[in-house]
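[1] For reference, the sequence and a predicted model appear below.
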Amino acid sequence: MVRVHWWTEVRVMPGLGMRAHWSPRIMFPVSGGDAGCFYDPSDLSTMFQDVAGTIPCAVDSTVALIKDKGPFGYDASQSDSAKRPTLKKDSATGRHFLRYGPEVQHLVTGLVIPRPTGDIFSAVAIQHISDTLDFPGYFRHRGFTNDIDSRLPVFFSQKSTGKMFVEFGSTGSVSFTTNRALKNVFSCTRIVSGALTAYSNGSIAGVDSSVDNPTSDTLKETHVGVTANFDLYGALVISGFVNSTANRARIEKWFAERMGLVY
């Protein structure tokens, strides 16, 4: 008897039988922890052309709903057809991704996400097409007053400076110069003691040691994409994260493989 755990992705390979593939879902705490979400456009079973989730996506169709592959069910959707990204397929890797552009497009969670109090890991795998707008947002969380009050990592870039910003709450941020024409896995960790460390393709890009600990308040929503002209290969937030170099690298490598990067 073959037993398949809930955190694995299983694929049938001709002549090889069942093969279980590692998934970032295993990194979510089995018990405890506050929240988190995991969006994987390469998994077509999570992508739908309608908000109700009845019409599966195909290449070049718009995406109205992406199911959360994390354990908490924070699905992201968009009722406005003009604001939906388009599903594309990478000819080099065979992986699917979401294309945002050239106008403002984003998917939004329909549920609020609690502000976590433990260690947090967050990652976004993106490639820029071009920057026609300032502050393209890849993965951000809106609080009841404004975005930076969300106390979850916010990823965005600024057109005029070529800087990548990772913000956490109203006091912590890391900015660094990046080649936005390349595919990139941006990630960050925030530990309970308050240190925020940002990574670019696995290398430390910056540190802010003065980040306030989050509160227990809740958020209004999470946006997957905000402004336009980039490709999204995946996004992830885990609270209650078991913080280690090995755990961070495992998730980053998983995203990098989907983008065809040598990590």
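    Done, it's in.
[2] drop to CA atoms for contacts and neighbour counts, all remaining ones
    Noted.
[3] Flag the shaky bits of the protein, pLDDT-wise.
    When residues are selected by pLDDT under 70, those of the chain lie in 1-20, 31-34, 112, 115-117, 131-133, 143-151, 170-171, 180-181, 212-218.
[4] Pick out the residue closest to the middle of it.
    Ala235 (1.3 Å; Cα atoms, centre = their mean).
[5] Just to be sure, that one is in a strand?
    Yes: counting by DSSP: H, G, I helix; E, B strand; the rest coil, Ala235 is part of a strand.
[6] surely it meets Ala125?
    Yes: applying Cα atoms under 8 Å as the test, Ala235 and Ala125 come out as touching, 6.4 Å apart.
[7] what do these two both touch?
    Residues within reach of Ala235 and of Ala125 at once, by Cα atoms under 8 Å, 6 or more residues apart in numbering: there are none.
[8] who touches the residue nearest to the centre of the chain in this structure?
    Contact partners of Ala235, counting by Cα under 8 Å, 6+ apart, are Phe38, Tyr39, Asp40, Ser122, Ala123, Val124, Ala125, Phe139, Val224.
[9] For the fifth one, what are phi and psi?
    Translated: Ala123. Backbone geometry at Ala123, expressed as degrees, to the nearest 10, gives phi -150, psi 150.
[10] Tell me what the closest residue to it other than its chain neighbours is bridged to.
    Computed as Cα to Cα, 6 or more residues apart in numbering, the closest residue to Ala123 that is not its neighbour in sequence is Ser187, at 4.0 Å. Residues in a beta bridge with Ser187, per DSSP bridges, are Ala123, Tyr199.
[11] Would you confirm that Ser187 contacts Ile204?
    No: the pair Ser187 / Ile204 is not scored as a contact, 9.4 Å apart, by Cα under 8 Å.
[12] higher neighbour count, these two?
    Ranked by neighbour count (other Cα atoms under 10 Å), Ser187 and Ile204 place Ser187 first, with 29 against 13.
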